[in-house]
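K.L.:
mind folding the following:
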Amino acid sequence: MMLSFDDLIAIDSDCTWLEFSQEDQISAWQQVNKQIYSHDAARWNAYQNYLCLNAFQIWLAAETDLQDKPKVWTQPSELPSFWEVVNGTVITLGKTRLALVPSETMNLEELRVQQEWVDIPTWAADYYLAIELNLAERWLKVLGYATHEQLKNEGKYDPMDRTVCLDRASLIEDLNVMWITRELSTSGSPAVKPLPSLSNQAAEALLDRLSQPPCYSPRLDVPFEQWAALIAHPTWRQHLYQRRSQYLISAKTPVNLSQWVQGIFTAGWQVVEELVSPTVLVPVARSANPIERAKQINLGEHSVALIVTRIPEDEPEVSILLQVEPTSDRITLPENLQLSAFDESGTVHREVRAKNATPFIELPRLVGIPGEQFSVKLSVGDFSITEDFVI
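P.N.:
From the prediction side, this is the model:
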């Protein structure tokens with residue numbers, strides 16, 4: 001039985017609980033889609049941070065009696081340059097800095113902060129808030145907070161992903177304690193070791209190396225001291241974001257299905273079994289040497305797998321089978337999820353919509369010849385994503 005929001009508060013009343021609406025989600029997604037990100041994971045990261053930031057700001061304005069007006073650190077136009085590579089946002093209250101660290105992990109039991117927010121002097125915060133984000137039920141829970149001093153002295157550093165972790169038991173749940181401590185505190189900014197200097201030549205070499213975007217953040221691709229010195233510099237960080245974005249724009253070419261025959265797959269296209277549970281995997285009618293791959297598509301709170309199968313026919317024709325199935329943590333598709341296929345002129349040729357508790361949807365096979373282009377659109381509610389292909 002699903003618990004109501006009031007039931008959740010009653011069970012864990014020491015935490016701060018905030019709700020957001022479907023309209024808030026749609027607005028956040030639309031705002032993020034006005035921006036350019038080099039890969040889907042960065043866009044999803046931006047969506048979560050934007051949603052979390054808005055909800056927390058609304059709560060601050062309505063529920064707290066603060067003398068200082070909360071402000072987002074950096075200009076709003078600069079936020080994409082952060083969310084392209086790191087998770088988190090800083091809010092300032094006068095001279096006090098709060099770092100919001102959202103996570104989709106259910107039953108979150110730790111605060112996990114990326115090292116950039118702890119060891120870059122101009123980024124470090126006074127307080128770090130662990131926030132559990134539930135997109136399906138539209139709420140977020142502030143588990144508690146830790147100080148910068150706590151993270152440095154008590155936190156465990158994980159070199160695999162360069163994060164500083166602190167168990168939930170070490171967090172202070174009552175945010176009122178933070179407000180009181182902030183008022184009484186006479187200490188200045190967190191003491192953080194200065195970063196080594198980076199020459200313009202070294203920065204340009206790093207920008208060249210890190211500007212061609214794979215489907216992940218480049219934050220682990222170089223030693224931390226070099227990476228931190230690069231992104232701590234506002235101009236270099238913005239250049240990194242712009243170059244990665246510009247590379248994406250210039251490299252926005254259709255997925256070439258003929259290259260699949262040669263074993264060449266565009267980033268993001270995976271073996272189907274890596275995304276779809278074998279228990280719900282729909283078998284494809286086998287013919288001569290079909291090749292299939294899947295890509296995870298995020299549509300608001302929903303995540304699905306788009307499966308494309310290339311099936312050779314009599315030369316020179318090729319059949320294309322398009323399917324959508326739940327990712328491994330689901331067994332049905334979101335209701336009213338729509339799958340459409342259209343040609344270069346934008347004319348829709350095939351369309352199908354998921355009903356209630358639908359395990360998968362697929363379109364009748366498309367038939368074409370090498371060089372022909374088509375596009376596939378996935379949409380549900382106000383969320384949509386289009387993928388372009390060439391046979």
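K.L.:
any idea which strand is longest in this protein?
P.N.:
Counting residues, the longest strand found in the chain (DSSP state E) is strand 302-312.
K.L.:
that one: which residues count as buried?
P.N.:
302, 303, 304, 305, 306, 307, 308, 309, 310, 311 (16 or more other C-beta atoms under 10 Å). C-betas here are computed from N, CA, C, even on glycine.
K.L.:
cool, stretch 378-388 as well?
P.N.:
In stretch 378-388, the ones that count as buried by 16+ other C-beta under 10 Å are 378, 379, 380, 381, 383, 384, 385, 387.
K.L.:
now the longest helix that the chain contains: buried residues?
P.N.:
Identified as the longest helix of the chain according to DSSP state H is helix 40-63. When burial is assessed from 16+ other C-beta under 10 Å, helix 40-63 yields the following buried residues: 42-53, 55-57, 59-60.
K.L.:
re the thing from before, nearest to residue 146 among the buried residues of stretch 378-388?
P.N.:
residue 383 (34.1 Å; C-beta to C-beta).
K.L.:
partners of the longest strand of the chain, with directions?
P.N.:
strand 291-299 (antiparallel), strand 318-326 (antiparallel) (DSSP bridges).
K.L.:
so which of the ones you listed has the densest surroundings on average?
P.N.:
The highest average neighbour count among those, using mean count of other C-beta atoms under 10 Å, belongs to strand 318-326 at a mean of 21.
K.L.:
for that strand, the distance to its chain's centre please.
P.N.:
25 Å (C-alpha atoms, centre = their mean, to the nearest Å).
K.L.:
thinking again about what came up before, where among the strands paired with strand 302-312 is average confidence lowest?
P.N.:
Ranked by mean pLDDT, these bottom out at strand 291-299, with a mean of 87.
K.L.:
the inter-axis angle of it versus helix 40-63?
P.N.:
If you take axes from the mean of the first three to the mean of the last three C-alpha atoms, to 10 degrees, strand 291-299 sits at 10 degrees to helix 40-63.
K.L.:
pop the domain breakdown of the protein in here.
P.N.:
5-196, 255-390 (automatic domain parsing).
K.L.:
got these as CSV, with distance to residue 202 columns?
P.N.:
Converted to CSV, the domains of the chain look like this (distance: least, C-beta to C-beta, whole Å):
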stretch, distance to residue 202
domain 5-196, 10
domain 255-390, 27
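K.L.:
of all these, which one is nearest residue 229?
P.N.:
Judged by C-beta to C-beta, the one of the domains of the chain that comes nearest to residue 229 is domain 5-196, at 4.8 Å.
K.L.:
quick one: distance of that closest one to the chain centre.
P.N.:
Worked out by C-alpha atoms, centre = their mean, domain 5-196 lies 15 Å from the chain centre.
K.L.:
which is the succeeding secondary structure element to the host helix or strand of residue 242?
P.N.:
Applying DSSP states H and E as the criterion places residue 242 in helix 234-250. Proceeding N to C from helix 234-250, the next assigned helix or strand is strand 255-256, under DSSP H and E.
K.L.:
in the buried residues of stretch 378-388, find the pair that's most separated.
P.N.:
381 and 387 (18.6 Å).
K.L.:
before we move on, the earlier item: from the buried residues of stretch 378-388, pick the one nearest residue 293.
P.N.:
Distances from residue 293 to those, taken by C-beta to C-beta, are shortest for residue 387, at 11.6 Å.
K.L.:
let's verify the closest one: helix, strand, or coil?
P.N.:
strand (DSSP: H, G, I helix; E, B strand; the rest coil).
K.L.:
my read: it touches residue 375, true?
P.N.:
Yes - with contact defined as C-beta atoms under 8 Å, residue 387 counts as touching residue 375 (6.8 Å).
K.L.:
correct me if wrong, but residue 225 is in a helix.
P.N.:
Yes - Residue 225: assigned to a helix according to three-state DSSP.
K.L.:
coming back round to it: wait, which of the buried residues of strand 302-312 is closest to residue 89?
P.N.:
For those, the nearest to residue 89 is residue 303 (22.5 Å; C-beta to C-beta).
K.L.:
who touches the closest one in this structure?
P.N.:
296, 297, 327, 330 (C-beta atoms under 8 Å, 6 or more residues apart in numbering).
K.L.:
identify the farthest-apart pair in those.
P.N.:
The widest separation within the contacts of residue 303 (C-beta to C-beta) is 12.8 Å, between 297 and 330.
K.L.:
what segments of the chain are helices?
P.N.:
5-11, 22-33, 40-63, 79-83, 116-119, 148-154, 175-184, 200-210, 224-232, 234-250.
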